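>>> Pasting the sequence and the predicted model now:
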Amino acid sequence: MLSYVVELRKLATHCYFRGNLNEALRDRLVYELRNMQIQKRLLSEARLKYSKAVEIAVVMETAIRGASVSSTQSLTLTS
């Protein structure tokens, strides 16, 4: 997720968003998400700022990955 955010910001330096850069980055981040659970969470936020969108997305992705690894390890240990 963080690598995508960095690349998105880098690409945006060549665009002319004027005062709307953070809004454009936020919209692109939410739109491009493949994880529907994270996307729905971001869309449910009122007045979502770009920095908050990144924070929520990174935390949720980390939690989802952690849960996935934990359940895989649990299956391995109980087998």
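Now that the structure is in, tell me what you want to look at.
>>> Could you pull up the contacting residues of the residue nearest to the spatial centre of the chain?
By C-alpha atoms, centre = their mean, the chain has its centre lying nearest to residue 57, at 3.2 Å. Listed by C-beta atoms under 8 Å, 6 or more residues apart in numbering, the contact set of residue 57 reads 1, 29, 33, 38, 42. The way it works is simple: take the backbone N, C-alpha and C, and place the C-beta from them, glycine included.
>>> do the same with residue 50
Going by C-beta under 8 Å, 6+ apart, residue 50 touches 22, 23, 25, 26, 29.
>>> any idea how far residue 66 is from the second one?
Spelled out, it's residue 23. Shown here: residue 23 relative to residue 66, a distance of 31 Å by C-beta to C-beta, to the nearest Å.
>>> Settle it for me: which of the two has more neighbours?
Applying other C-beta atoms under 10 Å to residue 23 and residue 66 shows that residue 23 carries more neighbours, namely 13 against 10.
>>> Look up how far residue 25 lies from the spatially closest residue to that one that is not a sequence neighbour.
Counting by C-beta to C-beta, 6 or more residues apart in numbering, residue 50 is the residue found nearest to residue 23 once chain neighbours are left out, at 7.2 Å. Distance of residue 50 to residue 25, given as C-beta to C-beta: 5 Å.
>>> How about residue 43?
Going from residue 43 to residue 25 by C-beta to C-beta gives 16 Å.
>>> now swap in residue 66 and tell me
Per C-beta to C-beta, residue 66 is found 26 Å from residue 25.
>>> same check, this time on residue 7
To residue 25, residue 7 is 11 Å away according to C-beta to C-beta.
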